[in-house]
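**Q** kindly return the folded structure for what I paste below:
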Amino acid sequence: ECSQFIEPLSFLPIARFACRVLIGAGDPKQLPPTLSGPEGSSAGNDISKTLFTRLVNTGVEPVLLRRQYRCHPVLGTLAS
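**A** The predicted structure is shown next:
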């Protein structure tokens, strides 16, 4: 789930396995990752940003599913 994987943690597997192609699966409209501790919410601290978010912000277009299978449609209307 790329949209919950904070950017610093994403670098290790990319570097370790000499990644040449990266496919990220996630939901750009999902809530951001939650970090506990003071460094997670400090002003100006970008540690909670995900690589997925950074790629989208730089112009990489996410491909969205045409149909979401998250929950029953009646429950989905409650959250909207």
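**Q** and the longest helix for the chain?
**A** For the chain, the helix reaching the highest residue count under DSSP state H is reported as helix 7-16.
**Q** OK, contacts around residue 72?
**A** By C-beta atoms under 8 Å, 6 or more residues apart in numbering, no residues touch residue 72. For glycine as for every other residue, the C-beta is placed from the backbone atoms N, C-alpha and C.
**Q** average pLDDT across stretch 30-46?
**A** Per-residue pLDDT over stretch 30-46 has a mean of 66.
**Q** that older thread, and the contacts of the longest helix of the chain?
**A** 2, 19, 22, 46-47, 49-51, 54.
**Q** whichever of those residues end up buried, select them in ChimeraX.
**A** Those of the contacts of helix 7-16 that count as buried under 16 or more other C-beta atoms under 10 Å are selected in ChimeraX with:
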select :2,50,51
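**Q** which among the contacts of helix 7-16 gets closest to residue 67?
**A** residue 2 (20.0 Å; C-beta to C-beta).
**Q** roughly how far apart are the closest one and residue 75?
**A** Using C-beta to C-beta, to the nearest Å, we find residue 2 at a distance of 25 Å from residue 75.
**Q** name the element residue 36 belongs to?
**A** Residue 36 is part of no helix or strand when elements are defined by DSSP states H and E.
**Q** and for it, the neighbour number?
**A** As a burial measure, residue 36 scores 7 neighbours (other C-beta atoms under 10 Å).
**Q** over to residue 52?
**A** 23.
**Q** elements contacting the strand or helix carrying it?
**A** Using DSSP H and E, residue 52 sits within helix 51-57. Secondary-structure packing of helix 51-57 (3 or more C-beta pairs under 8 Å, 6 or more residues apart in numbering; DSSP states H and E): helix 7-16.
**Q** residues of the helix it packs on that come out buried?
**A** Buried, per 16+ other C-beta under 10 Å, within helix 7-16: 7, 10.
**Q** average pLDDT for that helix?
**A** 88.
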